[in-house]
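Engineer: Structure, please.
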Amino acid sequence: MKCWVYMLRCGDGTLYTGSTGDVERRLVLHQSGRGAKYTRGRGPLEVVYREECPDRSAALRREAEIKRLSRREKEALAAQTENA
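Structural biologist: Okay, here's the model as predicted:
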């Protein structure tokens, strides 16, 4: 089963990184307040980065890698996606 790593830009300008099998469905959960605790009350939310991974294990590893990046590096990932 394919999984995705995604990054959201919150209304306060912060970035949230997560993984899921369906990015659009997960975004709806975040927007409704039933996603991650971090994103509650930080709307509006927009997907600024997504990366397909071959399986859940790979997605979780990539999520951990992205979370270790600096803000500047995360912004560069988001910019790549916007320019693609």
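
Engineer: now this structure, which segments are flagged as low pLDDT?
Structural biologist: 82-84 (pLDDT under 70).

Engineer: Show me the helices in it, by range?
Structural biologist: 23-31, 56-67, 71-83 (DSSP state H).

Engineer: Isn't S19 up against Y6?
Structural biologist: Yes - in this structure S19 lies within contact range of Y6 using Cβ atoms under 8 Å: 7.2 Å. Just so you know, the C-beta spots here come from the backbone N, C-alpha and C atoms, and that holds for glycine as well.

Engineer: can you count the residues close to S32?
Structural biologist: Burial measure for S32: 10 neighbouring residues, criterion other Cβ atoms under 10 Å.

Engineer: Over to Y38?
Structural biologist: Y38, neighbours per other Cβ under 10 Å, totals 14.

Engineer: same question, G21
Structural biologist: When neighbours are counted by other Cβ under 10 Å, G21 registers 12.

Engineer: what about it, distance to Q80?
Structural biologist: Distance of G21 to Q80, given as Cβ to Cβ, to the nearest Å: 23 Å.
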